[in-house]
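Trainee: Return atomic coordinates for the entry below.
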Amino acid sequence: MAVFRSKKPKPEPAPAIHSLLGKDVLFKGEVHTNSRSFRVEGVVEGTIHSTGEVSIAPGGLVKGTIFAKHLVVTGRAEGIMKISDCLEIHGTGYVEGDVEVGSLVVDEGGTLQGVCVRKDQAESQAAAKGGSMPPAKQVDSEAKKADTKR
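Mentor: Below you'll find the model as predicted:
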C-alpha cells in the first residue's frame with residue numbers, strides 16, 4: 001500500500017528578535033542596530049538607525065526619528081520616519097509626523113496622522129527642484145493691501 005504525501009512548503013519561521021527594549025524601560029539617545037531586528041516595548045526618545053526591521057509593540061512608544069528598512073507599528077511612533085522598504089501600521093498602531101516610505105500598509109483601525117511621501121516621489125521631486133523641496137508660497141503684504149484698497 002502506497003502512502004501519498006502532499007508536498008506543502010514549510011511555513012517560514014517568524015524573524016528572530018535580536019534586540020528588545022523592555023516594557024518598563026525609557027531610553028534617551030541613539031540606537032544603531034545595523035541589519036538586526038529591534039523591538040520596542042518601552043519608550044525611546046531619540047533616533048533609531050536600522051538597516052533591518054524595527055517593530056513598535058502595543059504600549060511601545062518612539063518619539064524622534066526612525067531610519068529603517070522595515071517598520072511595523074502596533075504601538076505609537078511620533079516624529080520623522082524614513083523607511084526604505086515598507087511601513088506597516090497595524091490595527092492598534094498610531095503614526096504621527098513626517099513619513100517617507102518605499103511602500104505603506106495600513107490595517108483597519110491603524111492611524112497615520114501627518115505627511116506621507118513615497119520614497120521614489122520624494123527623490124524625483126528633490127532632483128527636479130534642485131535638491132530641495134519648494135518653499136511655501138508667501139503672500140506679498142504690500143500687494144495684498146493694494147488689492148483691498150481697490
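
Trainee: For this structure, which residues score under the pLDDT cut-off?
Mentor: Across the chain, the ranges flagged by pLDDT under 70 are 1-17, 121-150.

Trainee: For it, which segments count as strands?
Mentor: Applying DSSP state E to the chain gives strands spanning 19-21, 26-32, 38-40, 43-49, 53-56, 61-73, 76-89, 94-106, 111-118.

Trainee: would a markdown table of the ones you listed with mean neighbour count be doable?
Mentor: For glycine as for every other residue, the C-beta is placed from the backbone atoms N, C-alpha and C. Putting the strands of the chain into a markdown table (neighbours: other CB atoms under 10 Å) gives the following:
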| stretch | mean neighbour count |
| --- | --- |
| strand 19-21 | 17 |
| strand 26-32 | 13 |
| strand 38-40 | 23 |
| strand 43-49 | 18 |
| strand 53-56 | 25 |
| strand 61-73 | 21 |
| strand 76-89 | 20 |
| strand 94-106 | 17 |
| strand 111-118 | 14 |
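
Trainee: ok, the closest residue to E30 other than its chain neighbours - contacts?
Mentor: In space, E30 comes closest to T47 once its chain neighbours are excluded; the distance is 4.8 Å by CB to CB, 6 or more residues apart in numbering. Shown in contact with T47 (CB atoms under 8 Å, 6 or more residues apart in numbering): G29, E30, V31, G64, T65, I66, F67.

Trainee: Against S37, how distant is the residue nearest to the first one when sequence neighbours are not counted?
Mentor: The shortest distance from G29 to any residue other than its chain neighbours is 4.7 Å, reached at G46 (CB to CB, 6+ apart). Applying CB to CB, to the nearest Å, the value for G46 to S37 is 18 Å.

Trainee: go on, V115?
Mentor: Taken as CB to CB, the span from V115 to S37 is 27 Å.

Trainee: go on, S84?
Mentor: With distances taken as CB to CB, S84 is found 15 Å from S37.

Trainee: returning to what we had before: would you list the contacts of T47 in JSON lines and tack on distance to T111?
Mentor: Output for the contacts of T47, formatted as JSON lines (distance: CB to CB, whole Å):
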{"residue": "G29", "distance to T111": "27"}
{"residue": "E30", "distance to T111": "27"}
{"residue": "V31", "distance to T111": "24"}
{"residue": "G64", "distance to T111": "19"}
{"residue": "T65", "distance to T111": "19"}
{"residue": "I66", "distance to T111": "16"}
{"residue": "F67", "distance to T111": "22"}
